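Student: pasting a predicted model and its sequence here:
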Amino acid sequence: MTPRRSLRVALVALLAAAFGLLTTAPAHAAAYRFWGFYELTNGAWAFAQKGPEQTVPKDGAVDGWRFAVSDANGTSRFPRAVLSFEQVCGSTPAASGKKRVGLVVDYGRPADAADGDTPLAPAATCAVVATDATSLDVLRTMGEVRVEKGLLCGVNGYPASGCGGEVKTVSPEAAAPDAPVTIAAPAATPTASAVAQQGAAQPAQAADHRTSAGTWAAYIAVAVLVLALIGYLYLRSRGARQPR
């Protein structure tokens, strides 16, 4: 075999070995800890097609949020409870000029949290917001929203720090399948008209209280006058009976 042919054979063998290593080595995909944004579609959670600032949900929609760790297998981490619009907003009356949007926020499992963090309990609320409100506006009804560099980093103070950080090692607990949780349906959200009516009722109750107090004061004054008159008549009668 000539030196040139030997060199060609060595190069082919080297390339084949390199290709074999590339195809047999396990692929490495980075994992991240972040908030995911979802929409309830046909009774199931689906990835939102737009960001929360670009999404304007309609009256009757349900938004969902989930804090979790993505793993190398690309496992979807949806909110662990599915609540319909009727379950979340059924007890909240419609308000003129407003819309009702169901909101489900799942703060994740302890395995999803960074070291030292404790997730909040999953919660749901019926957001009564302006008709042009975005999904980010809807989320703000749950509590303070922390946004950094265009990324949603915290909801209602959780987590207190960090934003979409890389997770170098995904624990077996974080990679395990989700278990469903139960989220209680929220109480009715008072509308602006109901609040106004309640505020109007309070002065009326105060006026009734003042009227009642005034009535009792009048009764007491009349009683005092009657007693004074009786005393005057008694003293006058005794004076008339005394000899002069």
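Tutor: Cool, got the structure. Everything numeric in this text was worked out from a predicted model, so none of it was measured.
Student: and the closest residue to Arg109 other than its chain neighbours, how far from Pro110?
Tutor: Of all residues beyond its chain neighbours, the one nearest Arg109 is Pro119 (6.7 Å), with distances taken as CB to CB, 6 or more residues apart in numbering. C-beta: built from backbone N, CA, C; applies to glycine. If you measure Pro119 against Pro110 using CB to CB, to the nearest Å, the figure is 6 Å.
Student: counting neighbours, go ahead and name the busier of the two.
Tutor: For Pro119 against Pro110, the residue with the higher neighbour count under other CB atoms under 10 Å is Pro119, and the figures read 17 against 10.
Student: from what I can see that one touches Ala113, true?
Tutor: Yes - when contacts are counted by CB atoms under 8 Å, Pro119 is listed as touching Ala113 (5.4 Å).
Student: what segments of this protein are strands?
Tutor: Counting by DSSP state E, the chain has these strands, from start to end: 31-41, 44-47, 62-69, 98-106, 123-130, 145-148, 151-155, 166-167.
Student: can you report how many residues lie near Asp137?
Tutor: Applying other CB under 10 Å, we find 18 residues neighbouring Asp137.
Student: state the distance from Val155 to Lys50.
Tutor: Here Val155 is placed at a distance of 19 Å from Lys50 (CB to CB).
Student: correction: Gly143
Tutor: For Gly143, the distance to Lys50 equals 23 Å [CB to CB].
Student: neighbour-wise, which of the two wins?
Tutor: Legend: neighbour count by other CB under 10 Å for Gly143 and Lys50, higher for Gly143 (15 against 12).
Student: okay, now the residue lying closest to the more buried one once chain neighbours are set aside: neighbour count?
Tutor: Excluding the flanking residues, the one nearest Gly143 by CB to CB, 6+ apart is Asn156, at 3.1 Å. The number of residues packed near Asn156 is 15, by other CB under 10 Å.
Student: how about Thr75, nearest residue that isn't a chain neighbour?
Tutor: Leaving aside its sequence neighbours, Thr75 sits nearest to Ala175 (CB to CB, 6+ apart; 7.4 Å).
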